[in-house]
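Asker: Structure for this input, please:
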Amino acid sequence: MSLLKRMEQLRGETSGQEGAAAPAATAKADEAHARLRERIRASTIEALHEAEEPDAQTVREKLDEVLVLEAAELPNTERARIANELYNDIMGFGPLESLLADPTITEIMINGCRQVYIERQGKLQSADLAFRDQAHLLNIIDRIVSSVGRHVDEASPMVDARLKDGSRVNVILPPLSLVGPVVTIRKFSKTPYTARDLMDFGSLSPKMISFLEACVKGRLNIVVSGGTGSGKTTLLNVLSGFIPDDERIVTIEDAAEIQLNQAHVVTLESRPSNTEGRGEVTIRDLVRNALRMRPDRIIVGEVRSSEALDMLQAMNTGHDGSLTTAHANSPRDAIARIETMVMMAGMELPLIAIRTQIASAVDIIVQQARLRDGTRRVVNVTEVTGMEGDIVSMQDLFVFETQGQTDSQGKFKGRFRGTGIYPQCLGKIKSNGVATFEEWFS
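Answerer: Alright, predicted model coming up:
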């Protein structure tokens, strides 16, 4: 969105509020402060409207000029705070800027213009901020989705988008939402987490990460399974980092979130239909196309529909070492969910044929969970061993066991344990020139 268009939107918001005291930007601001802030904001927008295409420096200069005229009696620190708030309102995402800049916040949930929640260290808490009104929130939403070429309005009231830093954004508007515009932002670390970070967080043990690294380098097909917000994408990022630099990687996602440091990476992103209902490109379309792009590895951010069939076929036709995630509560549930998604392709395959494909394609299921104490842990590393009759057979290699107690910080006490089972997949890993060690499983 151009800054001139943004000025028109802001000017319209201001003109509709003249003569009234706008609500405070924060719960602590009083009515006088709110009036002063709105007066400064309106004067700045009027001054900027005279410029042809004001840039960031021009906005800062105009704000300083207006603040000197309108708020000379305020302390410098207070003027600087107001200037920063208004700059974010004009050039950025308004009240969201402070939350987006906070590295301790992992999720932002906006339920209408007055209610904002955040997730910090796995726990939900209320944020001490609000939007002026629904028009203000809608303006911020429009900036977010238009920056990535998406559109949302009453006719098309749902959209997935992403911010420049890769954070995932979901928006749903009235009339589908009865509480006003609802925005959910899943933030990702600006510096991607490493395997060392996950071990420091207690998400998995050194033996588990060593085995998973060997699985990736040994070209096993891996499914990361877990519930919403359990850390699947973070773990997928870490596992993807073990792929050798001399391989061609194709990533396929709804909104690009995977952060890879390898040199040869092709990132594909699906596209929703336009306002006329045309132009949609699905994950399944991209998986099919990726097979013609000479990939060494295919990474699908998440399988959630009929693309599961194409993903299994890719894994079974020479594209070993593929990685994906799926929503499921256990490794066994992940198998059942993949079965269901394959059926959604409409191929009318018999169930035994689907299960045989799954057993042949998937080597390892890594089950991630967010526990009630807010921690995220790998609770199972499970090997798919084949078929026993008409059932996909599996065996746990590593598990996380809780002791039913909490420590001084309220975290569950527990340990990661190898089951002592020697995996059948070690032969495939060794055939790809990757070393393995028996002590991993003791």
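Asker: And for stretch 207-216, what's in contact with it?
Answerer: Contacts with stretch 207-216, where a contact means C-beta atoms under 8 Å, 6 or more residues apart in numbering, come from 195, 198-199, 204, 222, 239-240, 242-243, 321, 323, 363-364, 366, 378, 381, 397-398, 416, 418, 425, 429, 434-437, 439-441. For every residue, glycine as well, the C-beta is placed using N, CA and C.
Asker: Go through those and flag which are in helices.
Answerer: A195, L198, M199, L239, S240, I429 (DSSP state H).
Asker: Can you name the residues that contact the closest residue to I283 other than its chain neighbours?
Answerer: Closest residue in space to I283, ignoring its immediate chain neighbours: E307 at 4.4 Å, by C-beta to C-beta, 6 or more residues apart in numbering. Contact analysis of E307 by C-beta under 8 Å, 6+ apart lists T282, I283, R284, V287, V300, M341.
Asker: doesn't the last one fall inside a helix?
Answerer: Yes - the assignment for M341, made by DSSP: H, G, I helix; E, B strand; the rest coil, places it in a helix.
Asker: quick one: contacts for it?
Answerer: M341 makes contact with V303, R304, S305, S306, E307, A308, L309, A326, according to C-beta under 8 Å, 6+ apart.
Asker: Just the buried ones from the residues you listed?
Answerer: V303, R304, S306, E307, A308, L309, A326 (16 or more other C-beta atoms under 10 Å).
Asker: Which residue ranges make up each domain of this protein?
Answerer: Domains of the chain are assigned by automatic domain parsing as 1-91, 94-189, 195-441.
Asker: quick one: average pLDDT of the first one?
Answerer: Throughout domain 1-91, pLDDT has a mean value of 63.
Asker: I figured V362 hits T382, correct?
Answerer: No - counting by C-beta atoms under 8 Å, V362 does not reach T382; the two are 9.8 Å apart.
Asker: Name the residues contacting each of these two.
Answerer: Residues touching both V362 and T382 by C-beta under 8 Å, 6+ apart: none at all.
Asker: Of those two, give the one with the bigger neighbour count.
Answerer: V362 (27 against 24; other C-beta atoms under 10 Å).
Asker: Next one: the more buried one from I335, what distance?
Answerer: Note on V362: its distance to I335, by C-beta to C-beta, to the nearest Å, is 8 Å.
Asker: tell me, what's touching the two both at once?
Answerer: Common contact partners of V362 and I335 (C-beta under 8 Å, 6+ apart): V384.
Asker: before we move on, the earlier item: among the contacts of E307, who's most crowded?
Answerer: The most neighbours of any of the contacts of E307, using other C-beta under 10 Å, belong to V300, which has 30 neighbours.
Asker: Now for that one: which residues touch it?
Answerer: For V300, the contact set (C-beta under 8 Å, 6+ apart) comprises T251, I252, E253, I283, V287, E307, M311, S322, L323, T324, T325.
Asker: May I have the beta-bridge partners of it?
Answerer: Beta bridges link V300 to I252, T324, judged by DSSP bridges.
Asker: On the pLDDT front, check it for me.
Answerer: 93.
Asker: From E257, how far off is it?
Answerer: Remark: distance between V300 and E257 (C-beta to C-beta) = 12 Å.
Asker: Name the residues contacting each of those two.
Answerer: By C-beta under 8 Å, 6+ apart, no residue touches both V300 and E257.
Asker: can you pull out the strands in the stretch 1-150 of the chain?
Answerer: Assigned by DSSP state E, counting those that start in this stretch, the strands in the stretch 1-150 of the chain fall at 105-111, 116-120, 123-126.
Asker: Name the stretch among the ones you listed that sits most buried.
Answerer: The highest mean neighbour count among the strands of the stretch 1-150 of the chain, using mean count of other C-beta atoms under 10 Å, belongs to strand 105-111: a mean of 20.
Asker: What strands flank it, and is each parallel or antiparallel?
Answerer: Partner strands for strand 105-111, per DSSP bridges, with pairing direction: strand 116-120 (antiparallel), strand 182-186 (antiparallel).
Asker: Quick check: the gap between the nearest residue to S442 once chain neighbours are set aside and F211.
Answerer: Take S442 and drop its neighbours on the chain: the residue closest to it by C-beta to C-beta, 6+ apart is G418, 6.0 Å away. As for G418, its distance to F211 is 9 Å (criterion: C-beta to C-beta).
Asker: between these two, who's got more neighbours?
Answerer: Neighbour tally, G418 and F211, criterion other C-beta under 10 Å: the higher count belongs to F211, 24 against 18.
Asker: so that one sits in a strand?
Answerer: No - applying three-state DSSP, one finds F211 to be helix, outside a strand.
Asker: Would you mind listing which of the contacts of stretch 207-216 are buried?
Answerer: Buried subset of those (neighbour count, 16+ other C-beta under 10 Å): 195, 198, 204, 222, 239-240, 242-243, 321, 323, 363-364, 366, 378, 381, 397-398, 416, 418, 425, 429, 434, 436, 440-441.
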